[in-house]
Each structure stands twice: as C-alpha cells, then as structure tokens.
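> give the three-dimensional model of this entry:
(one chain, ligands or ions: 2)
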Amino acid sequence: MILLSDRRVAAVPLRDNGEPLVDLREVSELRVDPRLADPDGAYAHLRENAVDRLLAAQRALPAGLRLLIVEGYRPLGLQKTYFDGYRDELRRSHPDWDPARLHVEASKYVSPPEVAPHSTGGTVDLTLCTAEGTELDMGTLVNDSPLASADACFTGAPVPAAARANRDLLGAVLSAAGFVNYPTEWWHWSFGDRYWALTTRAPATRYGPVDR
Ligand SMILES: C[C@@H](N)C(=O)N[C@H](C)C(=O)O
Ligand SMILES: [Zn+2]
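Numbering: from 1, shown residues only. Ligands and ions are numbered 1, 2, ... in the order given. Below you'll find the model as predicted:
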C-alpha cells in the first residue's frame with residue numbers, strides 16, 4: 001500500500017490544466033450532503049472533468065442508488081488544521097511514537113498538506129445512498145479514522161457481507177470512471193492529483209493545488 005506520506009507521491013511533477021471548479025450544489029443530478037459545509041461552500045466544489053466522471057459513475061449504479069457527496073475541494077489551510085489535529089491525537093494515544101512515525105501514521109487518515117489531494121479540487125469523499133437519501137451500510141461511517149474504527153475504514157478491511165458488497169459497488173463504478181481509491185479510506189477517491197498520477201503512471205498531475 002502506498003501512503004500519501006510516501007516520497008514517491010511528492011515526487012510526481014505538478015501540472016494544472018486550468019479547469020474551473022464547479023459547484024456541485026448546482027448539478028441537479030448529484031446529491032451533496034451538508035455535514036462538512038463551510039460558509040463559503042468550498043466543500044461542494046470539484047473540477048469540471050471530475051464532475052463529469054462522477055456523473056458517469058452514478059449512471060452506472062443500479063436503479064434506485066445514488067452517490068452522496070460529502071467533501072470535494074478543501075482549502076490548504078483547512079488541510080493543515082486536519083493533519084496537525086489528527087497527528088496530535090495520535091501523539092496523545094501513542095506517546096512512544098517518534099515524529100517520523102507520527103507523520104506516516106497520520107497520513108493513513110489525513111494527507112500531509114504538501115501533497116493534499118482535496119486541495120486540487122479533483123478528489124472527493126463520497127458514499128452511496130438510496131434515491132431518498134438514506135446512506136447504505138459501508139461498515140463504518142464516512143471519515144471514521146483508523147484509530148476510531150480499528151482500521152475497519154481501510155477499503156479492504158474485513159466487514160460484514162452487505163457492507164463489503166456496497167464498498168465493492170462504489171469502487172467498481174468509480175474505478176471505471178477513472179478515479180483511484182486511497183486504500184486506507186473506502187470513501188476517498190482521487191482524480192488528477194499526485195496520488196492519482198502515481199497510481200495510474202501519468203507523467204504529471206492534471207490538477208495542482210488551487211487557492212479558491
Ligand atoms: C480526513 C479525510 N476525510 C481525508 O480526506 N483524508 C485524505 C487522506 C486527505 O486528507 O486527503
Ligand atoms: Zn478524502
């Protein structure tokens with residue numbers, strides 16, 4: 001498993017094709033969950049081509065199922081707050097870990113800001129729901145940490161059969177649409193960022209960090 005703290009991720013050359021960010025709340029086919037809403041609506045934005053790919057993924061779902069978008073674009077300042085906060089939580093629960101170990105372990109749940117996928121606007125956290133908006137059982141909640149879920153948030157973790165089927169379905173439609181999963185988080189799917197470029201062997205990113 002390649003973690004976001006791996007130096008190969010940071011070594012991917014940055015390019016940006018200039019695609020605009022689209023407000024998902026204005027895309028009628030997509031359902032956006034407000035649990036992480038910020039006053040500026042940053043969380044509901046994604047790059048144009050990533051949105052097209054989400055629509056393709058949703059069209060591939062069985063009748064009656066929808067994607068439920070939890071978070072897209074994340075400003076770099078917020079990324080740093082999340083990373084430092086989780087690393088400090090790990091430090092309190094594992095006082096024996098040195099700074100290098102803390103950095104690696106924290107990257108299983110939050111990206112180091114210097115390679116932050118969400119800050120490119122190409123990466124999205126999402127789950128499956130019914131047409132009425134009821135979330136499907138995925139074995140953990142979106143954003144359950146490795147610490148809180150005893151690693152059940154890892155995409156390949158042993159979870160009950162219904163949750164496994166739902167994770168596999170989400171993975172099948174998003175992979176077919178060109179997204180790449182972060183294997184420690186079943187809900188986190190990249191397009192165009194450094195992790196995506198490394199995994200797909202693209203020569204460079206499609207999207208660099210944006211300051212919205
Ligand atoms: C914090 C979690 N929702 C998340 O987005 N993690 C990934 C690895 C990230 O920070 O990009
Ligand atoms: Zn994410």
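> and the closest residue to Pro62 other than its chain neighbours, how many neighbours?
Closest residue in space to Pro62, ignoring its immediate chain neighbours: Leu169 at 7.7 Å, by C-beta to C-beta, 6 or more residues apart in numbering. The C-beta positions use only the backbone N, C-alpha and C, and glycine is treated the same way. The local packing count at Leu169 equals 16, with neighbours defined by other C-beta atoms under 10 Å.
> can I assume Leu169 sits in a strand?
No: the assignment for Leu169 is helix, going by DSSP: H, G, I helix; E, B strand; the rest coil, so no strand is present there.
> please name every helix or strand in contact with the lengthiest helix in the chain.
Among the segments of the chain that qualify as a helix by DSSP state H, the longest is helix 76-93. Using 3 or more C-beta pairs under 8 Å, 6 or more residues apart in numbering; DSSP states H and E as the contact criterion, the secondary-structure elements in contact with helix 76-93 are helix 99-106, helix 146-149.
> from the chain's centroid, how far away is it?
17 Å (C-alpha atoms, centre = their mean, to the nearest Å).
> same thing with stretch 11-28?
Averaged C-alpha coordinates place stretch 11-28 at 14 Å from its chain's average position (C-alpha atoms, centre = their mean).
> same question, stretch 46-65
The chain centroid and the centroid of stretch 46-65 are separated by 15 Å under C-alpha atoms, centre = their mean.
> next, the distance between the ends of that stretch.
End-to-end distance for stretch 46-65, by C-alpha to C-alpha, to the nearest Å: 21 Å.
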